[in-house]
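Participant: dropping the sequence and predicted coords here.
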Amino acid sequence: MRSLLFVPADSPRKLDKAMTCGADALIVDLEDSIALDGKARAREAAAAFLKSAVKTPVRPTLIVRVNGLQSGLTDADLDAIIGARPDAIMLPKAEGGASIVHADAKLAVREAISGLPDGHVKIIALATETAAALFRAGSYAGASARLAALTWGAEDLSAELGAETNRDGQGRFLDPYRLARVLCLAGAAAAEVPAIDTVYVDFRDSDGFRRECEEARRDGFSRKMAIHPAQVPMINELFTPTPEAIARAQAVVDAFAANPEAGVVGIGGVMVDRPHLNRAKRLLARATTKR
Ligand code: COA
Ligand code: MG
């Protein structure tokens, strides 16, 4: 999986377009893009969409962003959608492993009621949206086998911190958000799940978007979220391992295979040790799984 496209649940037209735009996953949104008095209708629309979309033979992964545990809306969201068999929920405003344990219990009950296998619905945590969440980003390991990835967000966090803005004049994130980004990356690695980079809201700025994708990939994010279909092809391109990267990774794996006792080898005059081998194996695994 490389690209995850947000789609407001109350827009049948966008949901339809999203299915065929090339995104590896759709995040059907019940949270911030839906006004409070539209939640009930959006839940129904999400369930109706999922019921038919899950039957499509070749389809994106289907994720629903529910409302956060503090909102008082999560139970009604889950009651409406779990029977429609989404692949995962995205949990916004998550505050560490305890939030995942809590959401896991809520999912297990609905799965039992709907006749779904226990653990069918995975959880992607939005791990940096509150100030408290930043201090708990290291607590996701072992919370639940449902935890499938961590991602991060700067919009809610900047509101909570009382900030005037979260990006500088060139569109780069400012320090508090760069910290949140790194905490997501480290939290995901500690929990041994992929890290997904956040959205770029200025969807007409393709230069800024490309730069952000490249910086994310460089630092260890393997996926990125989109808010507009126009952003999807660039994510898919930049997060697909290149033939050169695959060849480099294969050379590392081959060098250790030829020297199984070695802790360190030299390739082209550069020292390569065991951590490089793990990274190379992860890249090759990503290159061979399709979505
Ligand atoms: N998913 C699917 N289709 C989308 C889409 C999305 N996220 N965003 C835009 N489109 C479609 C539009 O419907 C339009 O198709 P149409 O002309 O056939 O109706 C086409 O792409 C071009 O859209 P455009 O005019 O460039 O954008 P817009 O002004 O209609 O929409 C947004 C702009 C930001 C409102 C829209 O991109 C959007 O809803 N994004 C997701 C918002 C969201 O979920 N936010 C929560 C997470 S941060
Ligand atoms: Mg939000």
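Facilitator: Okay, I see it. Ligands and ions are numbered 1, 2, ... in the order given.

Participant: show me what from the stretch 151-291 of the chain comes close to ligand 2.
Facilitator: D156 (C-beta under 5 Å from the ion). Where you see a C-beta, it was placed from the backbone N, CA and C, and this is true even at glycine.

Participant: where does the stretch 151-291 of the chain dip in pLDDT?
Facilitator: The stretch 151-291 of the chain contains residues with pLDDT under 70 at 290-291.

Participant: if we go to 80?
Facilitator: For the stretch 151-291 of the chain, residues meeting the criterion pLDDT under 80 lie at 289-291.

Participant: residue numbers of it in contact with ligand 1?
Facilitator: For the stretch 151-291 of the chain, the residues in contact with ligand 1 (C-beta under 6 Å from any ligand atom) are 199, 227-229.

Participant: who wins for neighbours among those residues?
Facilitator: The residue in these with the most neighbours, by other C-beta atoms under 10 Å, is V199 (22 neighbours).

Participant: that one and H228 touch, don't they?
Facilitator: No: in this structure, V199 is not within contact of H228 by C-beta atoms under 8 Å, at 9.3 Å.

Participant: tell me where the stretch 101-250 of the chain has strands.
Facilitator: Using DSSP state E, counting those that start in this stretch, the strands of the stretch 101-250 of the chain run over residues 122-126, 147-151, 195-197, 223-226.

Participant: can you redo those strands as a markdown table with mean neighbour count?
Facilitator: Converted to a markdown table, these look like this (neighbours: other C-beta atoms under 10 Å):
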| stretch | mean neighbour count |
| --- | --- |
| strand 122-126 | 27 |
| strand 147-151 | 25 |
| strand 195-197 | 26 |
| strand 223-226 | 25 |
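
Participant: could these be laid out in CSV, adding distance to Q250?
Facilitator: What follows is the strands of the stretch 101-250 of the chain, written out as CSV (distance: least, C-beta to C-beta, whole Å):
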stretch, distance to Q250
strand 122-126, 30
strand 147-151, 26
strand 195-197, 24
strand 223-226, 22
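
Participant: closest one to A112 among the ones you listed?
Facilitator: In terms of C-beta to C-beta, the element of those nearest to A112 is strand 122-126, at 16.7 Å.

Participant: residues of the stretch 1-150 of the chain that sit close to ligand 1?
Facilitator: So the stretch 1-150 of the chain meets ligand 1 at 5-8, 13-14, 17-18, 29, 32-33 (C-beta under 6 Å from any ligand atom).

Participant: let me know the closest of those residues to ligand 2.
Facilitator: Checking these against ligand 2 by C-beta to the ion gives D32 as the nearest, at 4.1 Å.

Participant: so for the closest one, what's the pLDDT?
Facilitator: With respect to pLDDT, D32 scores 97.

Participant: contacts only, for the closest residue to A145 other than its chain neighbours.
Facilitator: In this structure, A145 finds its nearest non-sequential neighbour in G119, 6.1 Å apart by C-beta to C-beta, 6 or more residues apart in numbering. By C-beta atoms under 8 Å, 6 or more residues apart in numbering, G119 lies in contact with 108, 111, 145-146.

Participant: one step back: filter the residues of the stretch 1-150 of the chain next to ligand 1 down to the buried ones, ChimeraX style.
Facilitator: Command for ChimeraX that selects the buried part of those, burial taken from 16 or more other C-beta atoms under 10 Å:
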select :5,6,7,8,14,18,29,32,33
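
Participant: and the residues of the stretch 1-150 of the chain next to ligand 1, which of them are in strands?
Facilitator: 5-8, 29 (DSSP state E).
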